[in-house]
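*Asks:* fold the stuff below for me.
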Amino acid sequence: MNILIVESCAELGEIWKRHLERLGMDVVLRHGQQEAISYLSGNAPQIIILNLVLEEGSALAVADYASYRLPDARVICVTNTSFFSDGSIFAHIGNASTLVPMGTPPEDIAAMVEYYGTQTNGG
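*Replies:* Numbers count the residues shown, from 1 in each chain. Purely as a prediction, here's the structure:
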């Protein structure tokens, strides 16, 4: 399974990446909008783990590009705010699968990746 992580915090992104790699997944980490869209323009991950608050660029732009180019890719949204806690994220990101808090344990994120990965055409 191919996974893209879009996370500004390099340390957190690396924790998630290593955890998923230990489970045998191919994982790429990008830190902002431009890097993520550049990667998505030539690759087709089944799952995108996307922090909704990026230091560089817009997470919604990344999600919009992914939705257009890879409509079957599932997006796991991660946030440290309560802004989308009302569920409105699903109106903004068409292929969003779930919204989880930033402090979600890596093993729980891995379980979600495994679950939603089976829901895609590539999974």
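*Asks:* from now on I want contacts and neighbour counts done on CA atoms only, so please keep to that.
*Replies:* Fine.
*Asks:* tell me the helix or strand right after the helix or strand where residue 35 lies.
*Replies:* Using DSSP states H and E, residue 35 sits in helix 33-40. Toward the C-terminal end, the helix or strand that comes next after helix 33-40 (DSSP H and E) is strand 47-51.
*Asks:* ok, and what's touching the following helix or strand past that following strand?
*Replies:* Per DSSP H and E, the first helix or strand lying C-terminal to strand 47-51 is helix 59-69. With contacts defined as C-alpha atoms under 8 Å, 6 or more residues apart in numbering, helix 59-69 is touched by 32-33, 36-37, 40-41, 50-53, 73, 75, 92-95.
*Asks:* ok, back up a step: which positions within the helix holding residue 35 qualify as buried?
*Replies:* Across helix 33-40, burial judged by 16 or more other C-alpha atoms under 10 Å covers 33, 36-37, 39-40.
*Asks:* reformat the residues you listed as JSON lines; add pLDDT.
*Replies:* Converted to JSON lines, the buried residues of helix 33-40 look like this (pLDDT from 0 to 100):
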{"residue": "33", "pLDDT": "97"}
{"residue": "36", "pLDDT": "98"}
{"residue": "37", "pLDDT": "97"}
{"residue": "39", "pLDDT": "98"}
{"residue": "40", "pLDDT": "97"}
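*Asks:* re earlier: from the contacts of helix 59-69, which would you call buried?
*Replies:* By 16+ other C-alpha under 10 Å, these give 32-33, 36-37, 40, 50-53, 73, 75, 93-95 as buried.
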